[in-house]
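Novice: show me how the following folds:
(2 chains, ligands or ions: 2)
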Amino acid sequence: MLAVENLCKHFGGLQAVHNCSFSVAEGTITGLIGPNGAGKTTTFNMIAGELPPTSGKILFEGQDIAGLPTHEMFHRGIVRTFQIPHELAQMTVLENLMLVPPAQPGERLWSNWFSRASVRSREKSVMEQAEDALEFLSIYHLRDELAGNLSGGQKKLLELGRTMMTNAKLVLLDEPGAGVNPTLVLKIRDMILRLKEERGYTFCLIEHDMDMIGALCDPVIVMAEGAVLMEGSMDEVRSDPRVLDAYLGGEAA
Amino acid sequence: MDALYGYSLYFISLLTMGGIYAVLCLGLNVQWGFAGLFNAGIGGFFAIGAYVTALLTTAPSARHIGGFEINTLVAYGLSMLAAGLVAWGVGKVCLRLRSDYLAIATIGAAEVVRLIFKNETDYTNGPRGVSAIPKPFETLPEPWNHIAFLVIVLIAVAIAFWALQIAQRAPWGRVMTAIRENEPAVRAAGKDVEQFRMEGFVLGAMLMGLAGAFMAQYLKFVDPNLSDPLTATFLVWVMLVVGGSANNKGAVIGAVLIWTLWSASEIVTGRLPDEWAVRTAYARIFLIGLMLQVFLQKYPLGIFPEQRPRPPRSSRESA
Ligand SMILES: Nc1ncnc2c1ncn2[C@@H]1O[C@H](COP(=O)(O)OP(=O)(O)OP(=O)(O)O)[C@@H](O)[C@H]1O
Ligand SMILES: [Mg+2]
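Specialist: Ligands and ions are numbered 1, 2, ... in the order given. Now for the predicted structure:
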């Protein structure tokens, strides 16, 4: 579904991502792990259109999408969450979600003035969709709270909620479990699995929580210093000396 | 009785000018309050609107192009269109850049507009301006002609206010607020941020153009000084900041209030002794600056701060 070929991103002299190649097959939850600064988030930023790559290709469903703007990626079905939550602080939790669905008639100025009925009926269905997502995430009680007032973990859930507001094909999750309490992490795991089953999403998941990666991901891609170190099942990754050396630490089992 | 009549005429003119400024200020509110775009060349769009109406509605004259004598309502539309088109051009070049560049670019655009009107003497009569601009209902007997024009302006204010109120509460306004809150999040939600910015910029400029059209008719005269940075740009900013940015009611009330104070300051400075007379212009600016300080001390977010729409009622029974 997604294939990254020789992707490079250089910030001045710093090679954040260098000749990185991997692919994500449809229907999988592909893990992306690696030490801090390995270039995982930067890779996501390029796939989601937030940053233009210095060079290389990003093939999505066979088409090279490298360098397209973010909204273009979104409309092709790539949705991402942020490592650092990007909530709309002065807007309510509900509004944060209602923003997301694409092609709302009310986003066109004209329709708001001259075809208000269609705007209103769509708003109603968007609101119901957002409320469903809030219920799914069990944060319905925070519906009318300002998003800026949420706790760190609740903001992470809201990030996840955004991916439920559209018909995504590929969802890029950047550390959805970081800073979230253990029971909630288990919940997030379940939610990812449910979204995969119910909606047919394909996931690419960055995490430092190896339990979560182990429970969800196959295959797992290990990045280090901007490139792919290896790829394989979690067991293969766990027992690879290079990975232990660069990232997981400890002795080979 | 005569004095009373004089006062009512003054009151009508105060409201008319206040209304024209309210349209300007609503335009700035779309650009700054909704979209967060810093327009420092309001006067340019205002002057474009004024000149389009001036040149299209006047009778033939040897001094400038014209003699089209088109219908007033059509002239309003074309004034808005012209200002909107120029905004689109400026926006195409500048909206992608960092926001402070937009401020510089709009100052530049306003200056270019002023220089064109000043120097294209064949078309615009240069610094001497365009006069004898027809004003709707001017043939009615006094004071009905003034009142009728006031009503036109007030209708425009009401329509603009209504349209912006709806837009702000609609999904369109939600996207606009979200862009000011956290732009990357809005991009990640698949919105074309540039497109929304452009819409806000153009819509605001169109309102400024409409205000210009009213101004041309009200004064029955336009000249290049209409784009004066002080009265056409700075004053409008004061109005919006005092009234309350991102609040349409604030924009309207701020415009009427500041215009009243501004025109009252003329009465005060007009009574100064002769040797001070040349300094009155500066004294008025000083007074406005002082007033801005006083208001901001008391109302840091403007008299009517931004208000988010109330959350919609839940579709769920319980919870
Ligand atoms: N916008 C930027 N400008 C300059 N350098 C950057 C930028 N973004 C990332 N970097 C650098 O690129 C490198 C890779 O960063 P990245 O955020 O992709 O790491 P990561 O793998 O996501 O790490 P972590 O696990 O800590 O989130 C880092 O050295 C970082 O300092
Ligand atoms: Mg990261």
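Novice: can you report phi and psi for A:Gly67?
Specialist: Backbone torsions of A:Gly67, given as degrees, to the nearest 10, read phi 90, psi -10.
Novice: now it, nearest residue through space, not along the chain?
Specialist: A:Pro52 (4.6 Å; C-beta to C-beta, 6 or more residues apart in numbering or on different chains). Every residue, glycine included, has its C-beta placed from N, CA and C.
Novice: quick one, phi/psi of A:His10?
Specialist: Main-chain torsions, A:His10, degrees, to the nearest 10: phi -110, psi 130.
Novice: next, count neighbours for the nearest residue to it once chain neighbours are set aside.
Specialist: Setting aside the residues directly before and after it, A:His10 is nearest to A:Thr54 in space (C-beta to C-beta, 6+ apart), at 4.8 Å. A count of neighbours around A:Thr54, defined by other C-beta atoms under 10 Å in any protein chain shown, yields 15.
Novice: same question for the one 4 residues further on.
Specialist: Counted with other C-beta under 10 Å, residues neighbouring A:Ile58 total 23.
Novice: didn't it look like it was pressed against A:Leu2?
Specialist: Yes. When contacts are counted by C-beta atoms under 8 Å, A:Ile58 is listed as touching A:Leu2 (7.4 Å).
Novice: overlap in contacts, these two.
Specialist: Each of A:Ile47 lies in contact with both A:Ile58 and A:Leu2 under the rule C-beta atoms under 8 Å, 6 or more residues apart in numbering or on different chains.
Novice: for the residue of chain B found nearest ligand 2, list the residues it contacts.
Specialist: Nearest residue of chain B to ligand 2: B:Pro184, at 14.4 Å (C-beta to the ion). With contact taken as C-beta under 8 Å, 6+ apart, B:Pro184 is in contact with A:50, A:82, A:86.
Novice: can you check B:Phe137 too?
Specialist: B:144-145, B:148-149, B:152.
Novice: I'd like the distance between the residue nearest to A:His10 and A:Phe11.
Specialist: From A:Thr54 across to A:Phe11, the span is 9 Å (C-beta to C-beta, to the nearest Å).
Novice: likewise for B:Asn182?
Specialist: With distances taken as C-beta to C-beta, B:Asn182 is found 22 Å from A:Phe11.
Novice: again, but for A:Lys169
Specialist: For A:Lys169, the distance to A:Phe11 under the criterion C-beta to C-beta works out to 29 Å.
Novice: what about those two, which has more around it?
Specialist: More neighbours surround A:Lys169 than the other of A:Lys169 and A:Phe11, with 17 against 11 (other C-beta under 10 Å).
Novice: ranges for the helices of the stretch 101-250 of chain A?
Specialist: For the stretch 101-250 of chain A, the helices identified by DSSP state H, counting those that start in this stretch occupy A:109-114, A:116-136, A:152-163, A:182-199, A:210-216, A:234-238, A:241-243, in order along the chain.
Novice: list the buried residues of the first one.
Specialist: Applying a neighbour-count criterion of 16 or more other C-beta atoms under 10 Å in any protein chain shown, the buried positions in helix A:109-114 are A:109, A:111-112.
Novice: closest to ligand 1 among those?
Specialist: For ligand 1, the nearest member of the buried residues of helix A:109-114 is A:Leu109. The distance, counting by C-beta to the nearest ligand atom, is 33.9 Å.
Novice: the closest one and A:Val119, how far apart?
Specialist: Distance from A:Leu109 to A:Val119, by C-beta to C-beta: 11 Å.
Novice: how about B:Leu24?
Specialist: Plainly put, B:Leu24 is 28 Å away from A:Val119 if you go by C-beta to C-beta.
Novice: between the two, which is the more surrounded one?
Specialist: With other C-beta under 10 Å as the criterion, B:Leu24 and A:Val119 differ in neighbour count, and B:Leu24 comes out ahead with 32 against 22.
Novice: quick check: which element contains the more buried one?
Specialist: The secondary structure element spanning B:Leu24 is helix B:2-28 (assigned by DSSP states H and E).
Novice: that helix near chain A at all?
Specialist: No. Looking at helix B:2-28 against chain A by C-beta under 8 Å from any C-beta of the partner chain, there are no contacts, and the closest approach is 14.3 Å.
Novice: next helix or strand past that helix?
Specialist: Sequence order places helix B:42-57 as the next helix or strand after helix B:2-28, per DSSP H and E.
Novice: now that next one against helix B:2-28, angle please.
Specialist: Using axes from the mean of the first three to the mean of the last three C-alpha atoms, to 10 degrees, the direction of helix B:42-57 lies 110 degrees away from that of helix B:2-28.
Novice: distance from the chain centre to the worst-scoring helix or strand of chain A on mean pLDDT, please.
Specialist: Of all regular secondary-structure elements in chain A, judged by mean pLDDT, DSSP states H and E, the least confident is helix A:241-243 with a mean of 84. Relative to its chain's centre, helix A:241-243 lies at 26 Å (C-alpha atoms, centre = their mean, to the nearest Å).
Novice: from the contact counts, what lies against it?
Specialist: Secondary structure elements in contact with helix A:241-243, counted by 3 or more C-beta pairs under 8 Å, 6 or more residues apart in numbering or on different chains; DSSP states H and E, are strand A:227-232.
Novice: hmm, the strand it packs on touching ligand 1?
Specialist: No. Residues of strand A:227-232 contacting ligand 1 under C-beta under 6 Å from any ligand atom: none, with a closest distance of 11.7 Å.
Novice: which residues touch stretch A:240-252?
Specialist: A:33-35, A:210, A:222, A:224, A:229-230, A:232, A:237-239.
Novice: of these, keep whichever come out buried.
Specialist: Among the contacts of stretch A:240-252, the ones that count as buried by 16+ other C-beta under 10 Å are A:33-35, A:210, A:222, A:224, A:229-230, A:232, A:237-238.
Novice: and these, which two are furthest apart?
Specialist: A:Pro35 and A:Gly232 (17.7 Å; C-beta to C-beta).
Novice: which bits of chain B sit near chain A?
Specialist: When proximity is defined as C-beta under 8 Å from any C-beta, chain B approaches chain A at B:163, B:166-167, B:170-172, B:174-175, B:177-178, B:181-182, B:184-193, B:199, B:203, B:308, B:311-312, B:314-316, B:319.
Novice: go again with 7 Å.
Specialist: If contact is defined as C-beta under 7 Å from any C-beta of the partner chain, the residues of chain B in contact with chain A are B:163, B:166-167, B:170-172, B:174-175, B:177-178, B:181-182, B:184-185, B:187-192, B:199, B:203, B:308, B:311-312, B:314-316, B:319.
Novice: export stretch A:61-80 as CSV, just CAs?
Specialist: Taking only C-alpha atoms (Å, rounded to 0.1, in the frame of the first residue of the first chain), the coordinates of stretch A:61-80 have been written out as CSV:
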residue,chain,number,x,y,z
GLU,A,61,-1.2,2.9,-4.0
GLY,A,62,1.3,3.0,-6.8
GLN,A,63,1.5,6.8,-7.1
ASP,A,64,4.4,9.0,-6.1
ILE,A,65,3.0,11.4,-3.6
ALA,A,66,6.3,12.9,-2.3
GLY,A,67,6.0,16.6,-1.7
LEU,A,68,2.3,16.9,-2.1
PRO,A,69,0.6,19.2,0.5
THR,A,70,-0.9,17.7,3.6
HIS,A,71,-4.5,18.1,2.6
GLU,A,72,-3.8,16.3,-0.6
MET,A,73,-2.4,13.3,1.4
PHE,A,74,-5.4,13.4,3.7
HIS,A,75,-7.8,13.2,0.8
ARG,A,76,-5.9,10.2,-0.6
GLY,A,77,-6.5,8.5,2.8
ILE,A,78,-3.4,9.1,4.8
VAL,A,79,-4.2,10.4,8.3
ARG,A,80,-1.7,11.0,11.0
